[in-house]
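Asker: Build me a model from this:
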Amino acid sequence: MEILTVIIGLMLATVLAVGLGDRIRLPYPVLMIILAAGAAFIPGFPEVRIDPELILPLFLPPLLFATALKTSWSVFRVRWRSIVLLAIALVVLTTAAIAGAAWLLIPSIGIPAAIALGAMVAPPDPVAVASIAGRVRMPRALSSVLQSEGLFNDAMAIVIFQAAVAASLAGQDLNLLLLGLLLAGSVGAVLVGLVAGWLTKKLMHFITAPVGRSAVTLVVPFAVYITADSVHASGVVAVVVTALEIRRNAHPEAAEERVTGNAFWDVVELLVTGIAFGLVGLEVRQVLQDESTRLGTLLGPALLLCALTFAVRAAWLGLLVLPSRRRGAHAPPSDARDVVVLTWCGMRGLATLALALALPANLSNGTPFPGRGEIVVLAVSVLLATLVLPGLTLPWLMRILRISEGPEAAQDSERELASRAEKAAMDAIEDSDLLDDVPEKRITWIKSRLLHLHTELVDMHSEPVKEEQAEFRDWAIAVQTLALDAARNEMVQARSEAGTDPEAVDRVLRRLDLRTMLAPD
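Answerer: Sure thing, here's the model as predicted:
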């Protein structure tokens, strides 16, 4: 009952943190950590213990799924270099740097355990980044890089962590089998994700109720993660691929389903994120209590590892600026400001905490795991340093660098898409027989309605035009249905095109969906 009370309390705290964050312009995940950590030190506050093996399967699938739904395969085709260089290469580099430094600072933990620590703190958290970047109007080019990186870096880190722990338990050193495990796990995960996406499509075709289809999407991430894990594939990659396939196979005419599903997942993402980061804050107290006698001796190593984590990311991003300039590309990082922002947004989160808590207490022979207490303290220190500090200061940093993207940029993108939707609607009407032998006043009237459609897609605050000329009602409904169908088809197609911002398309498509649902039958 105590755990249930705490979970419900974290949900309520999440809602309050969202409201407070909107008022003081701070990200609610960071506020949740601070609030939960403060509440945990209140005398009599219940102690919450969640099985470490359940943390990733409980929280990671829905959060990854919700984030992946906002992107598309086209983004990954454009950003594949960022995925390779950040989600893979930078994770390996950070793991190696942290492992080497930890082994030099605390030689007693051994090399495999040091590598496990490096893997814990290597991957930035996509949920934290998405929650915080949206509050500061980060340019879409930068947030897209962070989003692409965050969706896949957990997979790399988890594979390295599992291999390092297995080597520690067996009393052996790591070998080249790690690369084979990674490749096999990734290929298997892609296959699982593709199959799951196809099966989900069939299941959602069978279920006609929009609410039921939304419920299916809640079950799918957990089922896919568990299935992939059971065949020793990457659950992270499998969930992301499944979400991308579901979004790719979306039907243009499924307006009610999209509106219902998006609203449903907005709520799920908010509450799960709040609970997850609240648990991070609650765990701070437990770590401090368990290792209270060694905190003083670990302060120096913790500060060094935190600084090294920032330094490695900054150095690697700085190196990536050079080839970007030689190619004449504008993809981030393209200058020093991009490097600073992307470095500051390397926020660790749920995966770091889950891997730290999942570290075994004992080896296979029953002896204590070497340096487990020190490893957990160091991992939590890096988590807090890379999450709380940037989360509180990022708005200030964005103002200093003058890199924030104003609302005009998003409006320009949406305006261009709205014009494209309007043209598709007009072309569909002109190609049909609905304008044959129609009086000029009707044609003028329908064109004015299409112009109003463009206005609605750009600004949903505009008042809908009242239905005039009742004698044209049936004809007008037929024309409007054809126009909206064509506009939605155009937006669904645009979402899969390289260079198109999926989130901008989703905003325009949502307005089209709402317009469709409000249209008279």
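
Asker: longest single helix anywhere in the protein?
Answerer: helix 255-290 (DSSP state H).

Asker: list the helices and strands the following helix or strand past that helix packs on?
Answerer: Counting by DSSP states H and E, the element after helix 255-290 in chain order, helix or strand, is helix 295-327. Helix 295-327 sits against helix 91-105, helix 336-344, helix 372-401, with contacts defined as 3 or more C-beta pairs under 8 Å, 6 or more residues apart in numbering; DSSP states H and E. The C-beta positions use only the backbone N, C-alpha and C, and glycine is treated the same way.

Asker: next one: helix 295-327 to chain centre, how far?
Answerer: How far helix 295-327 lies from its chain's middle: 23 Å, per C-alpha atoms, centre = their mean, to the nearest Å.

Asker: 21 is where my numbering starts, stick with that
Answerer: Okay, using 21 as the starting number, the last item reads as helix 315-347.

Asker: picking up where we left off before, I'd like the helices and strands packed on helix 315-347 as CSV, with mean pLDDT, mean neighbour count and distance to residue 439 appended.
Answerer: Listed next are the helices and strands packed on helix 315-347 as CSV, based on pLDDT from 0 to 100; neighbours: other C-beta atoms under 10 Å; distance: least, C-beta to C-beta, whole Å:
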stretch, mean pLDDT, mean neighbour count, distance to residue 439
helix 111-125, 93, 20, 41
helix 356-364, 90, 20, 30
helix 392-421, 87, 20, 30
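
Asker: picking that back up, what's the angle between the longest helix of the chain and helix 392-421?
Answerer: 130 degrees (axes from the mean of the first three to the mean of the last three C-alpha atoms, to 10 degrees).

Asker: Helix 275-310 - what's its average pLDDT?
Answerer: Taken as a whole, helix 275-310 has a mean pLDDT of 84.

Asker: can you state the direction angle for that helix and helix 315-347?
Answerer: Using the same axes, to 10 degrees: helix 275-310 against helix 315-347 is 140 degrees.

Asker: Now do the residue nearest to residue 326 when sequence neighbours are not counted against residue 372, distance only.
Answerer: Once flanking residues are discounted, residue 326 sits nearest to residue 405: 4.0 Å by C-beta to C-beta, 6 or more residues apart in numbering. Distance, residue 405 to residue 372, using C-beta to C-beta, to the nearest Å: 11 Å.

Asker: go on, residue 331?
Answerer: 18 Å.

Asker: The two: which has the busier surroundings?
Answerer: residue 372 (27 against 12; other C-beta atoms under 10 Å).

Asker: quick one, what contacts the nearest residue to that one once chain neighbours are set aside?
Answerer: Leaving out its chain neighbours, the residue that sits closest to residue 372 by C-beta to C-beta, 6+ apart is residue 403, at 4.7 Å. By C-beta atoms under 8 Å, 6 or more residues apart in numbering, residue 403 lies in contact with 141, 300, 368-369, 372-373, 376.

Asker: Find the pair from the residues you listed with maximum spatial separation.
Answerer: 141 and 300 (13.7 Å; C-beta to C-beta).

Asker: of these two, who's got more company?
Answerer: residue 141 (31 against 28).

Asker: Can you redo the helices and strands packed on helix 315-347 as JSON lines, where the extra columns are distance to residue 520?
Answerer: Below are the helices and strands packed on helix 315-347 laid out as JSON lines (distance: least, C-beta to C-beta, whole Å):
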{"stretch": "helix 111-125", "distance to residue 520": "28"}
{"stretch": "helix 356-364", "distance to residue 520": "22"}
{"stretch": "helix 392-421", "distance to residue 520": "25"}
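
Asker: quick one, which of those helices is nearest to residue 48?
Answerer: That would be helix 392-421 among the helices and strands packed on helix 315-347, by C-beta to C-beta, at 9.7 Å.

Asker: following the closest one, which helix or strand comes up?
Answerer: Taking DSSP H and E, what comes next after helix 392-421 is helix 427-451.

Asker: name the helices or strands packed onto that following helix?
Answerer: helix 160-190, helix 460-478, helix 493-515, helix 522-538.

Asker: count of residues packed around the nearest residue to residue 188 once chain neighbours are set aside?
Answerer: If you skip the residues right next to it in sequence, residue 188 has residue 132 as its closest partner in space, 4.2 Å away by C-beta to C-beta, 6+ apart. The number of residues packed near residue 132 is 22, by other C-beta under 10 Å.

Asker: For residue 527, give me its contacts.
Answerer: residue 434.

Asker: what's the spacing between it and residue 83?
Answerer: Taking C-beta to C-beta, one finds residue 527 at 21 Å from residue 83.

Asker: Also residue 332?
Answerer: Remark: distance between residue 332 and residue 83 (C-beta to C-beta) = 25 Å.

Asker: try residue 317
Answerer: 35 Å.

Asker: So between those two, which is more surrounded?
Answerer: Higher neighbour count among residue 317 and residue 83: residue 83, with 23 against 12, using other C-beta under 10 Å.

Asker: Next, give phi and psi for that one.
Answerer: phi -70, psi -40 (degrees, to the nearest 10).

Asker: Same check on residue 382?
Answerer: Dihedral angles for residue 382 - degrees, to the nearest 10 - are phi -130, psi 160.

Asker: Can you report how many residues lie near it?
Answerer: Residue 382 has 11 nearby residues by other C-beta under 10 Å.

Asker: cool, residue 261 as well?
Answerer: 25.

Asker: Name the secondary structure element that contains the spatially most central residue of the chain.
Answerer: When C-alpha atoms, centre = their mean is applied to the chain, the residue found nearest the centroid is residue 87 (3.4 Å). Per DSSP H and E: residue 87 is located in helix 72-88.

Asker: Pull the contacting residues for the spatially closest residue to residue 256 that is not a sequence neighbour.
Answerer: Spatially, and ignoring its direct neighbours in sequence, residue 256 is nearest to residue 175 (4.1 Å; C-beta to C-beta, 6+ apart). Counting by C-beta under 8 Å, 6+ apart, residue 175 touches 107, 205-206, 209, 254, 256-257.

Asker: ok, and what's touching stretch 326-345?
Answerer: Residues contacting stretch 326-345 (C-beta under 8 Å, 6+ apart): 105, 109-110, 113-114, 117-118, 121, 141, 351-356, 358-360, 362-363, 366, 401-402, 405-406.

Asker: ditto for stretch 240-254
Answerer: Contacts of stretch 240-254 (C-beta under 8 Å, 6+ apart): 77, 80-82, 84-85, 175, 178-179, 204-209, 211-213, 216, 220, 255-259, 262-263, 266.

Asker: avg pLDDT for stretch 224-243?
Answerer: 89.

Asker: So which bits of it are buried?
Answerer: Residues 224, 230, 233-234, 236-237, 240-243 are the ones in stretch 224-243 that count as buried (16 or more other C-beta atoms under 10 Å).

Asker: got the CA positions of the helix holding residue 87 in CSV?
Answerer: C-alpha atoms of helix 72-88 as CSV (Å, rounded to 0.1, in the frame of the first residue of the first chain):
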residue,chain,number,x,y,z
PRO,A,72,16.0,-3.0,-10.5
GLU,A,73,15.2,-5.5,-13.2
LEU,A,74,11.8,-4.0,-13.6
ILE,A,75,12.8,-0.3,-14.0
LEU,A,76,13.8,-0.5,-17.6
PRO,A,77,10.9,-2.8,-18.8
LEU,A,78,8.4,-0.6,-16.9
PHE,A,79,9.4,2.9,-17.9
LEU,A,80,11.6,2.7,-20.9
PRO,A,81,9.2,1.1,-23.5
PRO,A,82,6.4,3.6,-23.2
LEU,A,83,8.8,6.6,-23.1
LEU,A,84,10.8,5.5,-26.1
PHE,A,85,7.6,4.6,-28.0
ALA,A,86,6.1,8.0,-27.3
THR,A,87,9.3,9.8,-28.4
ALA,A,88,9.6,7.6,-31.6
